[in-house]
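[1] Here is a sequence together with a model predicted from it:
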Amino acid sequence: MASVKLTTSDDKEYTLDRELIFQSNLIKNMVTDLDVFDAPIPLPNVTSSTLDIVIKYLKIHKDDPPPPDKPIEKAVDDMIDEDKELMKLEFNIMADVILAANYLDIPGLLDIGCRTVAWHIKQCKDYHEIREKFNIPKELWRSEEEIAEMKKELNGILG
Amino acid sequence: MDTLPQLLVESNNTDDQTKFDILELPAEILAQIFQYLLVDPIVPAENSEATPHGIMLNTALVCKKFSTVALPLLYKNYFVSRVSCRFGHDATIQLTKSSSWYRICCFFLACLNRSEWGLGYPRLFYITTKPDMPAISSKVKKYPNPASKEWDDIITCTMDTQEVFEELAQEDPPLEVQENLHMLMRYSERMDIGSFLVYLRHPYGNILFRCKPMGSYTAETPTSYGKLNVWDDKVFGTCTKCKTRLVKLQVCADCRVSQYCSREMDWDSTHKYVCKQIGFDVPSPPPMEDDPFRLDPFDDLNDMFEHGALL
């Protein structure tokens, strides 16, 4: 079976089956368009620890049929258990995984990443909790007066 | 070379490394995350704010980056959810899926906030500035609330529908007309109480919508619940169940929304289960101060009793 070589930003080299890594549209297009088979493909935006998680995802989903083009409609709870297990990550790692999925163009992984973040936001009762949970730095917070003003304006609009 | 590992160790020890995570995501990914906040309808009972809109509102208040992404999504979802459409034309169904649908919903709701709409004969609203869509989209961007006064200058209201149609028909036809929408301008005393007409020039063709607010009116809520039923003319005047064109317009006496060709079609169907949700209270014009022609809110009810509609 033909394989594809990848190099991560921290100079680790991976050799993966084509079928596995071709779930990434970026790699698929690169390999089929440019005909690069032997030279390793550099991934300057992806670290090896992130790629490990991405590969785990690819292994879970290697037998999936190609995803249909459909809008976001499914609820968060529709995720399969393996994906839920995979997404039990620190937020900074999860953000890296989402960015890597976006960069490598793996729609399925991007999708479950976004859903998981949405699920975490949903567990918060108010904006203080969201700030705490996601470690939003204090200098980016809106002031309390600003928030009161925004709330008033929004309540006027949303009724 | 020695300094590099040191730097790494340092950054591992401080909390700075975990500071940026979700904020590093580009806006389009944040938007995708926030979309999920709006789709999932699970509502924990003990937390009253935890409607999708409530969660979105909280998210918008977190920081500036969140609000620039979350607020447009929130407005969009909110105003589109205010309009429930009953469309039959392929062109109008396509329209609801297009990106301009949100702006059109805002335009409907802006018309609802004008005082002219409820006075007897249905009023026709249309947009005066040309071309139409940029006018609405700039309003939506600048004044997200369709209830604000700034919307007034693009909306024109008329009672003389025939003249306006003739006038508009003489203008250049819109580009890329995909389907000629035929306009049914039939007015029914019983059907059209409290409704208004919206005429839209759009690349899909010229479209006439009938809008009817849901719910009842009080002095505090002059636009009822701020929700609209909107028909296009393929569906208006046809039986809700068997889809045949009605010679004589008949309407469910309770909700005044669903239309039926016969009694049997009406109550034998599942309509009775949804009737009250569609709007039990009979739409009537909002009461106005010092209006000598102000309608008695019970007039409609009396009228219905006389016609035997409630029997």
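    Nice, I can see it.

[2] Could I get the full set of helices for chain A?
    A:18-21, A:25-34, A:48-60, A:81-86, A:91-104, A:107-122, A:127-134, A:144-158 (DSSP state H).

[3] Output the ones you listed as TSV; include the columns distance to B:Tyr102 and mean pLDDT.
    All C-beta atoms are positioned from the backbone trio N, CA, C, and that covers glycine. Output for these, formatted as TSV (distance: least, Cβ to Cβ, whole Å; pLDDT from 0 to 100):
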stretch	distance to B:Tyr102	mean pLDDT
helix A:18-21	39	82
helix A:25-34	29	82
helix A:48-60	34	87
helix A:81-86	32	77
helix A:91-104	25	86
helix A:107-122	21	83
helix A:127-134	25	83
helix A:144-158	14	82
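
[4] between the ones you listed, which one is nearest to B:Gln35?
    helix A:107-122 (7.9 Å; Cβ to Cβ).

[5] Just name whatever secondary elements that closest one is in contact with.
    helix A:48-60, helix A:91-104, helix B:27-39, helix B:52-60 (3 or more Cβ pairs under 8 Å, 6 or more residues apart in numbering or on different chains; DSSP states H and E).

[6] what's the nearest residue to A:Ala118 if we skip its chain neighbours?
    B:Tyr36 (3.5 Å; Cβ to Cβ, 6 or more residues apart in numbering or on different chains).

[7] what's the answer for A:Lys59, then?
    A:Leu20 (6.9 Å).

[8] just checking, the one you found touches A:His61?
    No - using Cβ atoms under 8 Å, A:Leu20 is not in contact with A:His61, being 9.6 Å away.

[9] quick one on the thing from earlier: looking at the helices and strands packed on helix A:107-122, spot the one closest to B:Thr244.
    Using Cβ to Cβ, the helices and strands packed on helix A:107-122 put helix B:27-39 closest to B:Thr244, at 35.9 Å.

[10] Name the residues of the closest one that are buried.
    B:29-30, B:32-39 (16 or more other Cβ atoms under 10 Å in any protein chain shown).

[11] What average pLDDT does it get?
    The pLDDT scores in helix B:27-39 average 81.

[12] same thing with stretch B:155-164?
    Mean predicted lDDT for stretch B:155-164 stands at 76.

[13] What lies in contact with it?
    Stretch B:155-164 has contacts (Cβ atoms under 8 Å, 6 or more residues apart in numbering or on different chains) with B:107, B:110-111, B:114, B:116-117, B:121, B:123-128, B:185, B:197, B:199.

[14] Same check on stretch B:67-79?
    Under Cβ under 8 Å, 6+ apart, the answer for stretch B:67-79 is A:142, A:150, A:157-158, B:27, B:30-31, B:34-35, B:38, B:52-53, B:56-57, B:59-61, B:102, B:105-106, B:109, B:144, B:146.

[15] Filter the residues you listed down to the buried ones.
    By 16+ other Cβ under 10 Å, those give A:142, A:150, A:157-158, B:30, B:34-35, B:38, B:52-53, B:56-57, B:59-61, B:102, B:105-106, B:109, B:144, B:146 as buried.

[16] So which other helices or strands are in contact with the helix or strand where B:Ala110 lies?
    Under the criterion of DSSP states H and E, B:Ala110 resides in helix B:101-112. Judged by 3+ Cβ pairs under 8 Å, 6+ apart, helix B:101-112 is in contact with helix B:64-81, strand B:83-86, helix B:132-142, strand B:155-158, strand B:196-202, strand B:205-213, strand B:228-232.

[17] Tell me which of those lies nearest to A:Glu13.
    helix B:64-81 (36.0 Å).

[18] in that closest one, what counts as buried?
    Those would be B:66-67, B:69-79, for helix B:64-81 by 16+ other Cβ under 10 Å.

[19] For stretch B:60-68, give the mean pLDDT please.
    Mean predicted lDDT for stretch B:60-68 stands at 83.

[20] returning to that earlier point: count of neighbours near the residue nearest to A:Lys59?
    Residues lying near A:Leu20 (other Cβ atoms under 10 Å in any protein chain shown) number 17.

[21] circling back: quick one, the helix holding B:Ala110 and strand B:228-232 angle?
    110 degrees (axes from the mean of the first three to the mean of the last three Cα atoms, to 10 degrees).

[22] mean confidence for helix B:101-112?
    pLDDT averaged over helix B:101-112 gives 85.

[23] I'd like the next helix or strand past it.
    Next element after helix B:101-112 (DSSP H and E): strand B:124-127.

[24] which residues sit against that following strand?
    B:107, B:111, B:114, B:117, B:135-136, B:154-159, B:161, B:164, B:168, B:196-201.

[25] neighbouring strands for it, and are they parallel or not?
    Using DSSP bridges, the strands paired with strand B:124-127 are strand B:155-158 (antiparallel), strand B:196-202 (parallel).

[26] Which one, of those, ends up nearest to B:Met214?
    strand B:196-202 (13.6 Å).

[27] what is the rounded mean pLDDT of that closest one?
    Rounded mean pLDDT across strand B:196-202 is 78.

[28] What residues of it count as buried?
    B:196-202.

[29] Over to stretch B:84-92?
    Quick answer for stretch B:84-92 (16+ other Cβ under 10 Å): B:85-87, B:89, B:91-92.

[30] Equivalent analysis for stretch A:131-143, please.
    A:131, A:134, A:136, A:141-142.

[31] Determine whether any part of it lies close to chain B.
    Yes - under the criterion of Cβ under 8 Å from any Cβ of the partner chain, stretch A:131-143 makes contact with chain B via A:131, A:134-137, A:140-142.

[32] Reformat those into a markdown table and put distance to A:Gly113 next to each item.
    A markdown table is the format used below for those (distance: Cβ to Cβ, whole Å):
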| residue | distance to A:Gly113 |
| --- | --- |
| A:Arg131 | 21 |
| A:Phe134 | 14 |
| A:Asn135 | 18 |
| A:Ile136 | 19 |
| A:Pro137 | 22 |
| A:Leu140 | 22 |
| A:Trp141 | 25 |
| A:Arg142 | 26 |
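
[33] so which of these would you say is closest to A:Cys114?
    Among the residues of stretch A:131-143 next to chain B, and counting by Cβ to Cβ, the member closest to A:Cys114 is A:Phe134, at 14.1 Å.

[34] Setting aside sequence neighbours, what's the nearest residue to the closest one?
    B:Ile22 (4.8 Å).

[35] Verify the stated contact: that neighbour with A:Arg131.
    No - if you go by Cβ under 8 Å, B:Ile22 and A:Arg131 don't touch, sitting 10.8 Å apart.

[36] Can you pull up the most central residue in chain A?
    Nearest to the mean C-alpha position of chain A, by Cα atoms, centre = their mean, lies A:Ile98 at 1.9 Å.
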